[in-house]
Structures are given as structure tokens and as C-alpha cells.
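1. the sequence and its predicted three-dimensional model are supplied below.
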Amino acid sequence: MINGVSLEVDTILGQAQSTMAQLQGQRATLSGAASKIGIVGGAFSTIRTVISAIQRKKNKDSMIVMLVCVLCTFLMFVYWIFK
């Protein structure tokens, strides 16, 4: 009877060790994935910064073009009046 219990305990301990090894492997996989996700997130923040800089430049350029158009329209109107 003691031998039967000892075999059962050995079986359970073997299963527990196998489960622990599998969980450690999963932890290694997930920690590798987490670091890769962190790297990608850092790249996206850099990309987001570049895109916002481009957007600011575009808005500034649009404002300049609009002011030039208004100025040209005004000058044409002044020319038309004093012609």
C-alpha cells in the first residue's frame, strides 16, 4: 500500500515538474513578445512624432499660400479700382 502511494506521489510530482517546465517556456516566449511589443510601440511613438511634425509644416505652408492668395486678390482689386 505504501508503494502504491509512493508511485502516485511520484506521478503527481512528475506532472507538476512537467507543468512547471511548460510554464517557464511560456514565460520566456511571452517576455520575448512583450519586449518586441515595446520596441514596436516605441517605433510608433517616433512615427507619431514625425507625422505630427509633418502636419504642423503642412498647416504652416497652407497658411502661407492662403495669405499669398489673399494678398494677390487684394492687389488685383486695388489695381482694378485705380486703373
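-> Okay, I see it.

2. please count neighbours and contacts with C-alpha atoms only from this point.
-> Noted.

3. now do the helices in the chain.
-> Taking DSSP state H, the helices of the chain run over residues 2-81.

4. mind showing which ranges of it have poor pLDDT?
-> 1 (pLDDT under 70).

5. roughly how far apart are the residue nearest to the spatial centre of it and residue 47?
-> Geometric centre of the chain, nearest residue: residue 41, 3.2 Å, by CA atoms, centre = their mean. Separation of residue 41 from residue 47 (CA to CA, to the nearest Å): 10 Å.

6. what does residue 59 give?
-> From residue 59 across to residue 47, the span is 18 Å (CA to CA).

7. then residue 56?
-> Using CA to CA, we find residue 56 at a distance of 14 Å from residue 47.

8. ok, now residue 20?
-> Residue 20 is 40 Å from residue 47, by CA to CA.

9. tally up the residues packed near residue 57, please.
-> By the measure other CA atoms under 10 Å, the count of residues near residue 57 is 12.

10. give me the distance between it and residue 67.
-> Distance from residue 57 to residue 67, counting by CA to CA: 15 Å.

11. one more: residue 75?
-> 12 Å.

12. again with residue 49
-> Using CA to CA, residue 49 is found at 27 Å from residue 67.

13. can you report phi and psi for residue 82?
-> Dihedral angles of residue 82 (phi, psi; degrees, to the nearest 10) stand at phi -90, psi 10.

14. residue contacts, it?
-> With contacts taken as CA atoms under 8 Å, 6 or more residues apart in numbering, residue 82 has no neighbouring residues.

15. count of residues packed around residue 56?
-> 12.
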